[in-house]
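> Need the 3D shape of this:
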Amino acid sequence: MYRMISRMMAYIASSLIRFSRMRAMRSGSGGMYAILRLTGASDMPCNHSSSLPSSKSSSSSSMSSSSSALVIKTPNADEDDDMEDDEEDFELGKDEEWLHGMSDAPVRRKIAYIPPDPDRIARIREKRIKELAMYAIIREIILYIIFLWILMMISYGTQDPYANVMKEQYANTLVGGDGSRTFDKIVTIEQYWAWVHTGLVPSLYVGKWYNGDDPEYMDNFFGDRNSFIVGYPVMRQVRVRPDLCNIHEQFERADYISECNVDYSMSDEDEGSYEAGWIPTNLTDGLRKEYTYTTWDVLDGYPFFGRHAVYIGGGYVSELNNPDTIADQMQQLEKEAWIDRYTRAVFVEFSTYNAQVNLFAVVNLVVEFLPSGGGFPYPRVDIVRLLTYYEGFALVQICCEAGFLIFIVFFIVKEIKAILKQKREYPKVFWNLAEWVIIAFSIGLIIVYFYRFYTTKTLISAFKKNGGRGYVKLQYVAYWNELLGCMIGWVVFMSTLKFIKLLRFNKRIGVLSGTIRHAANDLIWFGMFFAIVFLAYSVAFYLILGTQVFNYSDFTYTMESLITAILGKFAFYELVEADRILGPMLFFSFMCTITFILINMFLTIITEAFQIVKHDVSQQSNDYEMVDFMMTRFKAFIGIQQAAATLNPKDHEEQARKNAAKDDMEIFTDKVDQLLNHIAKVYFDQDNFDNIIKSMGQGKQPAKPKNITPITA
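Numbers count the residues shown, from 1 in each chain. Sure, this is the predicted structure:
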């Protein structure tokens with residue numbers, strides 16, 4: 001019995017010491033802590049002791065008496081005494097063994113799970129989502145800037161600043177003529193031959209120097225002495241068959257007109273063989289080439305889009321391959337009336353190469369002769385760069401083209417993943433459709449580029465094969481180059497326009513896009529109304545002024561003229577001269593309707609939608625909040641301001657550990673209070689015991705308890 005009580009008292013004393021130490025460590029003060037022990041002396045006063053009993057014999061002797069004692073220890077006492085020495089080690093018997101193994105490793109207490117603060121988790125989750133969006137935006141911007149830079153390098157690699165200068169040079173050399181008989185003033189056949197003799201023949205091939213000497217090492221050079229003629233020039237005409245139209249019966253009966261002819265069409269083209277002077281013949285041999293039809297595949301010609309018709313690539317050809325005889329050749333054709341009333345178009349075609357600037361020139365000087373008898377000149381000079389891999393810039397060009405291919409594959413994979421993820425919502429986003437437009441034009445651009453490269457190689461090989469003297473026509477490759485330029489232009493346009501998507505984080509851009517979305521339905525109806533009104537005025541201008549003003553002679557020209565009139569560019573005096581009453585009235589009516597009514601309606605729709613979106617936050621995009629977040633992170637990165645704290649798993653564990661320690665302390669405090677209450681009920685009077693504990697907490701000398709009833713065995 002005594003041994004059991006001794007063990008219990010030692011455990012109580014050890015627990016009280018631990019509790020006192022914890023309270024002292026938490027408070028940081030030098031207060032006293034108390035240990036309550038039960039002894040055998042009933043009237044022993046409370047003593048202060050500087051150390052705790054540490055031996056087994058002292059513990060046993062103290063327990064032999066039947067009195068109680070109060071032991072008080074100051075915090076300055078030795079903290080290294082082992083309280084566990086008060087307890088006796090339990091020894092196993094000879095016929096006993098431990099049921100569980102004893103381990104010297106410290107037992108780690110499990111920390112009770114404490115859920116984190118939901119509000120804090122929500123804030124941190126929102127911040128993390130913004131961080132991921134920020135990284136995605138930065139990655140998108142960087143990749144797109146690289147793609148656009150590569151695209152710009154490819155597009156500008158096909159252009160040259162000297163191209164326009166070279167085109168103006170050819171126009172001044174060929175079209176200008178002698179100054180008075182120029183190409184752009186040709187109206188009749190006589191004026192055409194006058195230009196040939198004064199403008200074409202002298203400037204087509206290089207002439208003698210100013211001192212009369214023949215130029216050396218300039219054989220087959222153009223008249224500017226810088227460009228080499230690839231192959232040789234040709235003069236080609238397309239004709240229609242005679243007697244294809246019916247004369248009105250009033251004139252047919254009077255025998256005033258014997259025959260008439262029609263406008264050009266591919267089905268009405270003349271492909272017969274003739275003798276000089278356009279005398280029909282059935283012979284096939286011995287005919288001059290100028291009067292024998294040559295098909296388009298022999299000439300390597302392709303349809304040419306003129307102002308009044310689309311002309312096939314074949315025709316009657318006169319080769320201009322001898323600089324010494326070209327003047328006599330033109331004189332002979334003029335005498336034979338090689339160009340007559342059945343001629344619908346005459347072409348002068350040749351190509352040159354300027355080695356100084358690495359540019360090719362494809363020249364087409366066309367004069368269209370209508371059934372009315374008038375001629376309409378249409379000069380066209382295409383300056384193209386076909387050889388791109390011979391300069392020092394070639395390596396950069398190849399790297400950019402390879403990078404462009406990689407980006408296109410990347411965009412295709414990216415959009416396919418977006419389709420699988422968004423499904424039906426994918427087509428509803430405008431920028432997704434714009435992305436596919438860019439991809440489609442890019443794939444077409446790649447195909448056209450490599451086909452143009454293959455065609456150029458084929459033509460250059462044919463040119464080398466015939467020693468530079470054979471017939472070579474670059475019209476085909478020029479068409480592909482023009483198509484390539486159009487596709488590059490659209491890709492660059494759409495790619496540059498996509499930067500608006502990257503600017504959606506700007507608040508003003510967000511309001512603008514919201515305004516357009518809100519006003520989309522009204523703008524569609526306004527566009528239909530505007531189209532009806534504009535079409536009505538176009539028909540009126542065409543019918544009233546089409547026979548008197550060139551800008552309104554064709555319905556397409558009429559619409560173009562009215563659009564330029566809306567922009568403020570028009571020739572009012574032409575309308576007055578054409579019709580002094582209807583011309584000004586129709587023009588003022590058009591300008592008032594479009595400018596003062598329709599344009600103001602358009603502005604009203606936009607302004608109303610803007611006011612609604614501006615005051616309605618729900619219709620505005622909140623993407624611009626990312627700008628503030630990105631600026632905050634950037635400032636934190638460069639050290640201007642401190643970044644907000646993020647959730648760290650270690651911080652959460654540390655907080656949980658502190659909370660668990662705090663809970664353990666509170667639980668331990670409650671347990672000690674319960675233990676002391678039980679001890680007071682069993683061994684002491686409750687009131688005297690409370691006074692002793694209070695005096696110990698206040699650092700005072702406790703009074704001798706009264707009416708202590710010890711328990712004896």
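
> what about stretch 262-280, average pLDDT?
Mean pLDDT, computed over stretch 262-280, is 88.

> List the buried residues of that stretch.
In terms of neighbour count (16 or more other Cβ atoms under 10 Å), stretch 262-280 has its buried residues at Tyr264, Glu269, Asp270, Tyr274, Trp278. For every residue, glycine as well, the C-beta is placed using N, CA and C.

> Can I get those in TSV including secondary structure and distance to Val381?
Shown next, in TSV, are the buried residues of stretch 262-280 (DSSP: H, G, I helix; E, B strand; the rest coil; distance: Cβ to Cβ, whole Å):
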residue	secondary structure	distance to Val381
Tyr264	coil	23
Glu269	strand	26
Asp270	coil	29
Tyr274	strand	32
Trp278	coil	31
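
> ok, these vs Leu433, which is closest?
Proximity of these to Leu433 was ranked by Cβ to Cβ; the top entry is Tyr264 with 41.3 Å.

> who's in contact with that closest one?
Val238, Val240, His308, Ala309, Tyr311, Arg344, Ala345 (Cβ atoms under 8 Å, 6 or more residues apart in numbering).

> which two from the buried residues of stretch 262-280 end up farthest apart in space?
Tyr264 and Tyr274, at 18.0 Å, using Cβ to Cβ across those.

> any chance you could map the helices in the stretch 201-350 of the chain?
Ranges of helices within the stretch 201-350 of the chain are 201-204, 249-253, 296-299, 326-335, based on DSSP state H, counting those that start in this stretch.

> ranking those by burial, who's on top?
Compared across the helices of the stretch 201-350 of the chain, helix 201-204 shows the largest average neighbour count, a mean of 19 (mean count of other Cβ atoms under 10 Å).

> Show me what that helix is packed up against.
helix 326-335 (3 or more Cβ pairs under 8 Å, 6 or more residues apart in numbering; DSSP states H and E).

> What are the contacting residues of the helix it packs on?
Here helix 326-335 makes contact (Cβ under 8 Å, 6+ apart) with Trp193, Val196, His197, Leu200, Val201, Leu204, Tyr205, Glu290, Ser318, Leu320, Asn322, Ile339.

> could those residues be laid out in CSV, adding distance to Gly510 and pLDDT?
Below are the contacts of helix 326-335 laid out as CSV (distance: Cβ to Cβ, whole Å; pLDDT from 0 to 100):
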residue, distance to Gly510, pLDDT
Trp193, 66, 92
Val196, 63, 91
His197, 67, 90
Leu200, 61, 89
Val201, 65, 89
Leu204, 61, 88
Tyr205, 64, 87
Glu290, 69, 90
Ser318, 66, 92
Leu320, 64, 90
Asn322, 70, 87
Ile339, 64, 92
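
> Show me which pair in these is furthest apart.
Tyr205 and Ile339 (22.0 Å).

> need the strands for the stretch 251-400 of the chain, in chain order.
Per DSSP state E, counting those that start in this stretch, the stretch 251-400 of the chain carries strands over the ranges 274-275, 279-280, 293-294, 304-305, 310-311, 315-319, 343-354, 359-369, 375-384.

> how about the ones you listed, which one is nearest Val472?
strand 343-354 (6.8 Å).

> Strand 359-369 and the closest one, what's the angle between them?
Orientation check (axes from the mean of the first three to the mean of the last three Cα atoms, to 10 degrees): strand 343-354 against strand 359-369 gives 170 degrees.

> Buried residues in stretch 454-474, which are they?
For stretch 454-474, by 16+ other Cβ under 10 Å, it's Thr455, Thr456, Leu459, Ile460, Phe463, Tyr471, Val472, Lys473, Leu474.

> sorry, back to before: what's the closest of the helices of the stretch 201-350 of the chain to Tyr426?
helix 296-299 (45.8 Å).

> List of residues touching the closest one?
Val234, Arg236, Tyr302, Ile312, Gly313, Gly314, Gly315, Val317, Tyr471, Lys473.

> Pull out the buried members of these.
By 16+ other Cβ under 10 Å, the contacts of helix 296-299 give Val234, Arg236, Ile312, Gly313, Gly314, Gly315, Val317, Tyr471, Lys473 as buried.

> Now for the first one: which residues touch it?
It stands for Val234. Contacts of Val234 by Cβ under 8 Å, 6+ apart are Leu299, Val317, Ser318, Glu319, Leu320, Phe347, Val348, Glu349, Phe350, Tyr471.

> now swap in the last one and tell me
With Cβ under 8 Å, 6+ apart as the criterion, the residues that contact Lys473 are Gly231, Leu299, Asp300, Gly301, Glu349, Ser351.

> mind running it again at 6 Å?
Asp300 (Cβ atoms under 6 Å, 6 or more residues apart in numbering).

> ok, back up a step: from the buried ones among the contacts of helix 296-299, which two are the most distant?
Between all members of the buried ones among the contacts of helix 296-299, the farthest pair (by Cβ to Cβ) comes out as Ile312 and Tyr471, at 17.9 Å.

> Tabulate the buried ones among the contacts of helix 296-299 (TSV), appending pLDDT and distance to Thr593.
Below are the buried ones among the contacts of helix 296-299 laid out as TSV (pLDDT from 0 to 100; distance: Cβ to Cβ, whole Å):
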residue	pLDDT	distance to Thr593
Val234	92	52
Arg236	94	48
Ile312	88	44
Gly313	88	46
Gly314	90	49
Gly315	92	48
Val317	93	53
Tyr471	83	56
Lys473	85	50
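
> Nearest to Glu216 among those residues?
Distance to Glu216, by Cβ to Cβ, is smallest for Tyr471 among the buried ones among the contacts of helix 296-299, at 25.7 Å.

> I'd like to know how far that closest one sits from Val165.
28 Å (Cβ to Cβ, to the nearest Å).

> where do the helices sit along the stretch 451-600 of the chain?
Using DSSP H, counting those that start in this stretch, helices in the stretch 451-600 of the chain cover 475-497, 499-502, 507-518, 520-545, 555-566, 572-578, 582-591, 599-615.

> which residues does Ile488 contact?
Contacts of Ile488 (Cβ under 6 Å, 6+ apart): Ser155.

> per-residue confidence for the spatially closest residue to Phe555 that is not a sequence neighbour?
If you skip the residues right next to it in sequence, Phe555 has Tyr542 as its closest partner in space, 5.2 Å away by Cβ to Cβ, 6 or more residues apart in numbering. At Tyr542, the pLDDT value in this model is 91.

> Same question for Phe587.
pLDDT, Phe587: 91.

> neighbours around Arg139, how many?
For Arg139, the count of nearby residues is 10 (other Cβ atoms under 10 Å).

> what's the helix or strand for it?
Using DSSP states H and E, the element containing Arg139 is helix 118-157.

> Just the buried positions in that helix, please.
Of the residues in helix 118-157, 124, 130, 133-134, 137, 144, 147-148, 150-151, 153-155, 157 count as buried by neighbour count, 16+ other Cβ under 10 Å.

> Could you provide the residues you listed in TSV, with additional columns for pLDDT and distance to Glu435?
Below are the buried residues of helix 118-157 laid out as TSV (pLDDT from 0 to 100; distance: Cβ to Cβ, whole Å):
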residue	pLDDT	distance to Glu435
Ile124	83	33
Lys130	74	24
Ala133	76	19
Met134	75	22
Ile137	78	16
Tyr144	86	11
Phe147	90	12
Leu148	89	14
Ile150	90	17
Leu151	89	14
Met153	86	21
Ile154	86	19
Ser155	84	19
Gly157	76	24
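
> Go through the residues you listed and say which is closest to Ala440.
Leu151 (14.8 Å).

> if we can go back for a sec, let me have the helices of the stretch 451-600 of the chain in TSV, extended by distance to Asn226.
Compiled in TSV, these are given as follows (distance: least, Cβ to Cβ, whole Å):
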stretch	distance to Asn226
helix 475-497	20
helix 499-502	41
helix 507-518	50
helix 520-545	46
helix 555-566	37
helix 572-578	41
helix 582-591	48
helix 599-615	50
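
> Can you check which of the ones you listed gets nearest to Ile638?
That would be helix 499-502 among the helices of the stretch 451-600 of the chain, by Cβ to Cβ, at 22.3 Å.

> Thanks a lot, see you next time.
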